[in-house]
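Peer 1: Here you go, sequence then predicted model.
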2 protein chains.
Amino acid sequence: MRIAVLGTGTVGQLVAERLGELGHDVVVGTRDVNESLSRVGDESAQGFGDWARSNGRIRVAKLSEAAAGADVVVNATSGEASLAALALAGDANLAGQVLIDVSNPLDFSQGFPPTLFVSDTDSLGEQIQSAFPGARVVKALNTVNMALAVRPQALAGGEHTVFVCGDDETAKATVIALLQDMGHRDVLDLGGISSSRGTEMYLALWTRLMVTLGTGTFNIKVVR
Amino acid sequence: MRIAVLGTGTVGQLVAERLGELGHDVVVGTRDVNESLSRVGDESAQGFGDWARSNGRIRVAKLSEAAAGADVVVNATSGEASLAALALAGDANLAGQVLIDVSNPLDFSQGFPPTLFVSDTDSLGEQIQSAFPGARVVKALNTVNMALAVRPQALAGGEHTVFVCGDDETAKATVIALLQDMGHRDVLDLGGISSSRGTEMYLALWTRLMVTLGTGTFNIKVVR
């Protein structure tokens, strides 16, 4: 499939690289291609420019060009930037498309652990669906460290759980198949996009588990 | 130990019965003993009167009498009633005691799934600790259906995770030992009482999992 990954941070890099490895035609979308390609890394993360040069098969394009004609779009921008980035990708380019939203509405302005800038009676997944009603939004992979999310078998042979939420059953089936291709063995369909409230609010537990465990390499298995 | 279980609903009944079975001296605290003992059940739950008659070794007393002199107090009242019930139990009776808070700040006024009446920047666990600063509050077992919480081995041999949050290390050690006596094999200490925000907000995911799975008999295992 032709997949547009919107976002050039670590999350976008990990998703794009893994989808390319699985044989998909991947393009990374960004606001400003030249600015993104000029970015160098620091001790905590690889710069996008370095990443792009070592992943030469993955193209880089403006948000709207990346989204146009894609079969699947992945929102891998930070939660606070997501609505603006998707607006730049373009309502018309998103219409009818499967839009996988892996973002979280995290607000780090008060330090760590972050709070959520929307929760309980709404969710970022729903806000995105509402702002782009033509898109077929599926919330997914927002409950796992992305390095683990794209290579689930790195932990316990993949025996842990991820979730999908969305109003379009066909879109969810497409996403579930992609997650299974990545190695996920337990994908739970939580129902409509409003269930994103559950997976986003879980981040309040996830961040505290990360502190307790001293690593982001963990996940939950729903034992039933 | 002498344990006071505050609350006569299904949660209180399950906790009291299990702690009695484990050999503890259990007293159930309620606002009005005679009114509680006159309660009959319906198709969904056993009435407290019937329960009390079939659990004759467990005493029933007013909230303040139950709490006075207990080694451990369990808040098994509904979240919205917890602060008022604990006030009736009495600040002086709670001072210095281990207070296990199993409640959740659930608001069912808008239907199901419930919202939370406090979240993200505060939690019910913290509100209870703040209202009763002399008590040594430990948030626990609020992430699991109580029938399973008190008999974890009924699911996957007990191979799933529960959490404790609290500012008093000795109190947490007492609670962890009680949970292990119940059969818990994986008790994670999430740190101070403010971590209750994580375990309470997880309820937004728990309620949706319950709908998806069609049962409350499930739990999460933190795979790491």
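Peer 2: Yep, it's here. Numbers count the residues shown, from 1 in each chain, chains lettered A, B, ... in the order given.
Peer 1: Within range of chain B, give me the residues from chain A.
Peer 2: Within reach of chain B by C-beta under 8 Å from any C-beta of the partner chain, chain A has these residues: A:113, A:115-116, A:119-121, A:155-156, A:159-161, A:188-191, A:195, A:197-199, A:201-202, A:204-209, A:211-213, A:215, A:217-224. Every residue, glycine included, has its C-beta placed from N, CA and C.
Peer 1: neighbouring contacts of the lengthiest helix in chain A?
Peer 2: For chain A, the helix with the greatest residue count under DSSP state H is helix A:169-182. For helix A:169-182, contacts defined as C-beta atoms under 8 Å, 6 or more residues apart in numbering or on different chains pick out A:18-19, A:22, A:72, A:98, A:100, A:136-138, A:140-141, A:149-152, A:162, A:164, A:166, A:187, A:189.
Peer 1: can you give me the helices for chain A?
Peer 2: A:10-21, A:33-37, A:48-54, A:63-67, A:82-89, A:91-94, A:124-131, A:146-149, A:169-182, A:196-201, A:203-213.
Peer 1: about what we covered before: in PDB, list the C-alpha atoms belonging to the longest helix of chain A.
Peer 2: The C-alpha trace of helix A:169-182 is given here as PDB (Å, rounded to 0.1, in the frame of the first residue of the first chain):
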ATOM      1  CA  GLU A 169     -15.400  -1.300  10.300                       C
ATOM      2  CA  THR A 170     -13.600  -1.700   7.000                       C
ATOM      3  CA  ALA A 171     -10.900   0.800   8.000                       C
ATOM      4  CA  LYS A 172     -10.500  -1.000  11.300                       C
ATOM      5  CA  ALA A 173     -10.000  -4.300   9.400                       C
ATOM      6  CA  THR A 174      -7.300  -2.600   7.300                       C
ATOM      7  CA  VAL A 175      -5.500  -1.400  10.500                       C
ATOM      8  CA  ILE A 176      -5.800  -4.700  12.300                       C
ATOM      9  CA  ALA A 177      -4.200  -6.400   9.300                       C
ATOM     10  CA  LEU A 178      -1.300  -3.900   9.400                       C
ATOM     11  CA  LEU A 179      -0.800  -4.400  13.100                       C
ATOM     12  CA  GLN A 180      -0.700  -8.100  12.700                       C
ATOM     13  CA  ASP A 181       1.900  -7.700   9.900                       C
ATOM     14  CA  MET A 182       4.000  -5.800  12.400                       C
END
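Peer 1: can you pull the contacts of A:Phe117?
Peer 2: Contacts of A:Phe117 (C-beta under 8 Å, 6+ apart): A:79-80, A:105-107.
Peer 1: Could you report the pLDDT at it?
Peer 2: With respect to pLDDT, A:Phe117 scores 97.
Peer 1: A:Arg208 now?
Peer 2: 98.
Peer 1: Disregarding flanking residues, what is the spatial nearest neighbour of it?
Peer 2: In space, and not counting its chain neighbours, A:Arg208 is closest to B:Gly198: 4.0 Å by C-beta to C-beta, 6 or more residues apart in numbering or on different chains.
Peer 1: Buried ones in stretch A:48-61, by neighbour count?
Peer 2: A:48-49, A:51-52, A:55, A:58-60 (16 or more other C-beta atoms under 10 Å in any protein chain shown).
Peer 1: next one: stretch A:105-121
Peer 2: A:105-106, A:113-116, A:118-120.
Peer 1: do the same with stretch A:1-9
Peer 2: Quick answer for stretch A:1-9 (16+ other C-beta under 10 Å): A:3-8.
Peer 1: Save the residues you listed as a markdown table, and put in distance to B:Glu35 and pLDDT too.
Peer 2: Putting the buried residues of stretch A:1-9 into a markdown table (distance: C-beta to C-beta, whole Å; pLDDT from 0 to 100) gives the following:
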| residue | distance to B:Glu35 | pLDDT |
| --- | --- | --- |
| A:Ile3 | 63 | 98 |
| A:Ala4 | 63 | 98 |
| A:Val5 | 61 | 98 |
| A:Leu6 | 60 | 98 |
| A:Gly7 | 59 | 98 |
| A:Thr8 | 64 | 97 |
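Peer 1: For chain B, state which of the residues you listed is nearest.
Peer 2: Proximity of those to chain B (C-beta to the nearest C-beta) peaks at A:Gly7, which lies at 24.5 Å.
Peer 1: and the residues of chain A next to chain B, which are buried?
Peer 2: Neighbour counting over these (16+ other C-beta under 10 Å) leaves A:113, A:115-116, A:119-120, A:155, A:160-161, A:188-191, A:195, A:197-199, A:201-202, A:204-209, A:212, A:218-224 as the buried ones.
Peer 1: Can you get me a residue count around the closest residue to A:Lys62 other than its chain neighbours?
Peer 2: Closest residue to A:Lys62 apart from its sequence neighbours, by C-beta to C-beta, 6+ apart: A:Val33 at 6.2 Å. Neighbour count of A:Val33, defined by other C-beta atoms under 10 Å in any protein chain shown: 19.
Peer 1: and A:Arg185, what does it touch?
Peer 2: By C-beta under 8 Å, 6+ apart, the neighbours of A:Arg185 are A:152, A:157-159.
Peer 1: try 7 Å this time
Peer 2: Residues near A:Arg185 by C-beta atoms under 7 Å, 6 or more residues apart in numbering or on different chains: A:158-159.
Peer 1: rewinding a little: between the contacts of A:Phe117, which is closest to chain B?
Peer 2: Checking these against chain B with C-beta to the nearest C-beta, the nearest one is A:Asp107 at 9.3 Å.
Peer 1: just to revisit the earlier point, would you reformat the helices of chain A as TSV and include distance to A:Val27?
Peer 2: As requested, the helices of chain A are exported to TSV (distance: least, C-beta to C-beta, whole Å):
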stretch	distance to A:Val27
helix A:10-21	8
helix A:33-37	11
helix A:48-54	11
helix A:63-67	5
helix A:82-89	12
helix A:91-94	12
helix A:124-131	20
helix A:146-149	18
helix A:169-182	16
helix A:196-201	26
helix A:203-213	28
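Peer 1: so of those helices, which one's packed in deepest?
Peer 2: Burial of the helices of chain A is given as mean neighbour count (mean count of other C-beta atoms under 10 Å in any protein chain shown); helix A:196-201 ranks first at a mean of 29.
Peer 1: Point out the other helices and strands that it packs with.
Peer 2: Secondary-structure packing of helix A:196-201 (3 or more C-beta pairs under 7 Å, 6 or more residues apart in numbering or on different chains; DSSP states H and E): helix A:124-131, strand A:161-166, helix B:203-213.
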